[in-house]
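>>> Kindly generate the corresponding structure for this input.
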Amino acid sequence: MKKIKKILLILLVLFVVAQFFGPKKNSGDMTSIEPFLAETNPPSNVQAILKTACYDCHSDVTRYPWYNHITPVNYWLADHINEGKHHLNFSNWVGNSTKRKDKKMKGIIGLVEKQKMPLSSYTLIHTDARLSADQIKAVTDWAKQVRMKYSLEPKPE
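Numbering: from 1, shown residues only. Sure thing, here's the model as predicted:
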């Protein structure tokens with residue numbers, strides 16, 4: 001029994017010490033998304049959906065929940081955000097080719113239509129990010145319009 005108490009005490013001390021360390025957080029503001037918004041011109045309802053359901057994981061603008069202050073949860077969240085930004089980062093939209101932007105918009109359409117985005121693990125806590133059928137249609141219609149615009153742009157030789 002003494003051994004178990006010692007182990008638990010050591011684990012508690014390690015947990016407390018770990019709280020003083022954490023991963024780097026996103027520190028961007030909405031200005032990092034402005035080039036994306038200017039180029040893709042989403043209507044105000046779609047802008048609201050993107051802000052609520054997408055930007056936390058797919059931009060440099062993240063609203064961190066209270067539990068992000070708890071290690072090791074903060075590392076899990078940081079990994080989740082970095083993974084999301086790896087696949088699509090609205091804050092780095094300008095650096096992409098038209099072909100890549102079109103591919104990203106196609107991905108948005110497919111994942112949102114299949115209700116694979118936003119992730120269920122995200123909407124479990126962020127209930128306001130659950131998309132209704134009307135919101136799904138608004139996002140996919142907008143993304144299709146953006147893809148149409150990209151298809152009309154001249155192709156590089």
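>>> count of residues packed around residue 68?
By the criterion of other Cβ atoms under 10 Å, residue 68 has 19 neighbours. Bear in mind the C-beta positions are built from the backbone N, C-alpha and C, glycine included.
>>> what's the answer for the one 4 residues further on, then?
Residue 72 is surrounded by 13 other residues when neighbours are defined as other Cβ under 10 Å.
>>> Which pLDDT does the model give it?
Model confidence at residue 72, given as pLDDT, is 84.
>>> With residue 151 instead?
Residue 151 is given a pLDDT of 89.
>>> Make sure it is actually in contact with residue 99.
No - counting by Cβ atoms under 8 Å, residue 151 does not reach residue 99; the two are 10.5 Å apart.
>>> Give me the helix or strand of this structure that scores worst on average pLDDT.
helix 2-18 (a mean of 79; mean pLDDT, DSSP states H and E).
>>> Can you name the element that comes right after that one?
Heading C-terminal from helix 2-18, the first helix or strand you meet, by DSSP states H and E, is helix 34-40.
>>> mind listing what's buried in the helix or strand just after that following helix?
Going down the chain from helix 34-40, the next helix or strand is helix 44-53, by DSSP H and E. For helix 44-53, a neighbour-count test (16 or more other Cβ atoms under 10 Å) marks 46, 49-53 as buried.
>>> TSV for those residues, including distance to residue 108 and pLDDT?
Formatted as TSV, the buried residues of helix 44-53 follow (distance: Cβ to Cβ, whole Å; pLDDT from 0 to 100):
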residue	distance to residue 108	pLDDT
46	11	98
49	11	97
50	10	97
51	15	94
52	15	94
53	11	94
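>>> what residue is smack in the middle of this protein?
With distances taken as Cα atoms, centre = their mean, residue 57 lies nearest the centre of the chain, 1.7 Å away.
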